[in-house]
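> Need a 3D model of the following:
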Amino acid sequence: MRTFLFVAFSWVMCLCPVLASEEIKYPSPDGRFALRITQSKDDEYHPMVELIAKHSGTVLVTLHSGQEDTDLFDASEAVMIWSADSKRVAYGFHANPPGARVVERGVLVCFWNGSGFDKVFLPENLPSPRIKFPKGKEGNVKPYGGGVTPLRWLKSGELELTSEDMMLSRDDGKSYTGVVRFTISFDAQHKASVKNVGKTKTEVEE
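Here you go, the predicted model:
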């Protein structure tokens, strides 16, 4: 009887699939916090993405709430840029909004409040690159991706980012990518504002 129960239990366990995979990455400099991505085996485009206390697993901020999100996210493209004191973090992600055929990059910033993290949203009208097209090739173009990506925290407390736009010219069949760097500053209440904006660099691919 004991043998039968053991074999039956093992058989049931083997039939149960692993419903989700979990990945913990991008630990903070002080080792206290990290990014946790929980990926469903049945829905790879709606991962649960959380900022957690690394040792306890306590959720401090939910960044993407899995199947409750309407957008599609590529978890493999998620990044976290920490400040040196582990009190500020910029989360970068790739999203594919419903009905859109382009991939958008977005950024969410979080500040430590003493017991957890508060979300800070960036200004809506962030700098966009000004792509330089050859004369006569700028009219018939098609966008196919872009957005903002966090790069690093500066000693001044500002966050440096890039803004990117990708365009396809139907006139010559070439892809044009414009990239511009800029910084965001935060006041005492963590309100964000655009500061230094660089010059656009345009890359061309055949």
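> quick one, helices of the chain?
2-15 (DSSP state H).
> worst-scoring helix or strand of it, pLDDT-wise?
Counting by mean pLDDT, DSSP states H and E, the chain has its least confident helix or strand at helix 2-15, which shows a mean of 40.
> What average pLDDT does stretch 153-170 get?
Averaged over stretch 153-170, pLDDT sits at 92.
> so how far is Asp172 from Gly139?
12 Å (C-beta to C-beta, to the nearest Å). Just so you know, the C-beta spots here come from the backbone N, C-alpha and C atoms, and that holds for glycine as well.
> more crowded one of the two?
A count of neighbours by other C-beta atoms under 10 Å puts Asp172 above the other of Gly139 and Asp172, at 14 against 9.
> just checking, the more buried one touches Pro134?
Yes - using C-beta atoms under 8 Å, Asp172 is in contact with Pro134, at 7.4 Å.
> contacting residues around Lys87?
111-112 (C-beta atoms under 8 Å, 6 or more residues apart in numbering).
> Mind doing that once more with 10 Å?
28-30, 33, 110-114, 117, 153 (C-beta atoms under 10 Å, 6 or more residues apart in numbering).
> quick one: contacts for the residue nearest to Val79 when sequence neighbours are not counted?
Spatial nearest neighbour of Val79, chain neighbours left out: Gly92 (4.4 Å); criterion: C-beta to C-beta, 6 or more residues apart in numbering. For Gly92, the contacting residues are 77-81, 105-108, 147-151, 161-162, by C-beta under 10 Å, 6+ apart.
> who wins for neighbours among those?
In the contacts of Gly92, the most neighbours by other C-beta under 10 Å go to Leu161, 26 neighbours.
> these two touch, right, that residue and Val148?
Yes - using C-beta atoms under 10 Å, Leu161 is in contact with Val148, at 5.1 Å.
> pLDDT score assigned to the closest residue to Tyr91 other than its chain neighbours?
Spatial nearest neighbour of Tyr91, excluding adjacent residues (C-beta to C-beta, 6+ apart): Leu108 at 4.8 Å. pLDDT recorded at Leu108 is 91.
> How about Ile37?
At Ile37, the pLDDT value in this model is 90.
> cool, Asp85 as well?
pLDDT, Asp85: 97.
> Apart from its chain neighbours, what residue comes closest to Glu104?
Gly147 (4.5 Å).
> dump the residue contacts of that neighbour.
92-95, 102-107, 126, 128, 161-166.
> I'd like to know how many residues surround Asp30.
Neighbour tally, Asp30, other C-beta under 10 Å: 12.
> need the contact list for it.
54, 82, 84-87.
> Tabulate the residues you listed in a markdown table, adding columns for distance to Val179.
Converted to a markdown table, the contacts of Asp30 look like this (distance: C-beta to C-beta, whole Å):
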| residue | distance to Val179 |
| --- | --- |
| Lys54 | 33 |
| Trp82 | 23 |
| Ala84 | 26 |
| Asp85 | 29 |
| Ser86 | 29 |
| Lys87 | 29 |
